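# coords below, sequence missing:
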């Protein structure tokens with residue numbers, strides 16, 4: 001077994017961190033242009049709930065339900081738009097990969113595949129960015145759906161409690 005060199009491992013970790021940060025920034029830039037309104041509204045709701053000093057009124061919960069529904073509608077559409085970009089980026093990667101692969105006429109199959117992968121690495125990384133961005137936006141939409149469902153349940157519970165109180169009098 002080869003001896004592990006701490007300096008080499010540390011250098012690789014630093015390179016991974018640096019490249020990961022770059023990819024994360026690209027993905028965040030892509031996602032934020034599609035989810036900015038939804039993100040801002042979720043942060044607003046979080047701010048309302050964060051201090052815990054008061055509960056949202058029924059009217060505020062109504063507003064949350066209506067606004068979240070609207071924002072989810074648009075974010076879902078944006079998610080599908082981002083899905084198209086994801087598909088196109090994957091197709092572009094495959095096109096470049098196969099083009100580079102077909103240009104190589106010498107070497108083993110494995111050599112040709114390796115060179116084609118290396119020559120289409122930027123397209124592959126771009127496809128990865130769009131794929132991650134799509135998944136992140138989809139996760140935000142799903143989380144917003146859960147938040148909407150929670151708001152509806154709270155509102156429904158309050159209405160039931162008010163009705164029981166009214167009937168009890």
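It's in. Here the structure is a predicted model, which is why all the values come from computation and not from measurement. Numbers count the residues shown, from 1 in each chain.
# now for this structure, the helix or strand with the poorest mean pLDDT.
Lowest by mean pLDDT, DSSP states H and E among the helices and strands of the chain is helix 109-119, with a mean of 91.
# low pLDDT regions in the protein?
For the chain, applying pLDDT under 70 flags the ranges 1, 169.
# how about the helices in it?
Using DSSP state H, the helices of the chain run over 6-50, 58-103, 109-119, 121-168.
# redo the ones you listed as a markdown table? Include mean neighbour count.
No exception for glycine: its C-beta is placed from N, CA and C like everyone else's. Shown next, in a markdown table, are the helices of the chain (neighbours: other Cβ atoms under 10 Å):
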| stretch | mean neighbour count |
| --- | --- |
| helix 6-50 | 13 |
| helix 58-103 | 16 |
| helix 109-119 | 13 |
| helix 121-168 | 15 |
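# that older thread, contacts for the least confident helix or strand of the chain next, please.
Helix 109-119 is contacted by residues 96-98, 100-101, 104, 107, 124 when judged by Cβ atoms under 8 Å, 6 or more residues apart in numbering.
# which among the residues you listed gets closest to residue 146?
Taking Cβ to Cβ as the measure, residue 146 sits nearest to residue 124 out of the contacts of helix 109-119, at 33.0 Å.
# let me see the contact set for the closest one.
Contact analysis of residue 124 by Cβ under 8 Å, 6+ apart lists 93, 97, 117.
# ok, back up a step: what angle do the least confident helix or strand of the chain and helix 121-168 make?
Orientation of helix 109-119 against helix 121-168 (axes from the mean of the first three to the mean of the last three Cα atoms, to 10 degrees) gives an angle of 70 degrees.
# relative to helix 58-103, how tilted is helix 109-119?
On the basis of the same axes, to 10 degrees, helix 109-119 is oriented at 130 degrees to helix 58-103.
# show me how far helix 109-119 is from its chain's centre.
Remark: helix 109-119 is offset 31 Å from the chain centroid, using Cα atoms, centre = their mean, to the nearest Å.
# and stretch 105-117, by the same measure?
34 Å.
# now the residue nearest the centre of the chain: closest residue in space that isn't a chain neighbour?
Taking Cα atoms, centre = their mean, the centroid of the chain lies closest to residue 136, which sits 0.9 Å from it. Leaving aside its sequence neighbours, residue 136 sits nearest to residue 31 (Cβ to Cβ, 6 or more residues apart in numbering; 5.0 Å).
# show me what contacts the one you found?
Residue 31 touches 133, 136-137, 140, counting by Cβ under 8 Å, 6+ apart.
# mind checking how far residue 128 is from residue 84?
In this view, residue 128 and residue 84 are 17 Å apart by Cβ to Cβ, to the nearest Å.
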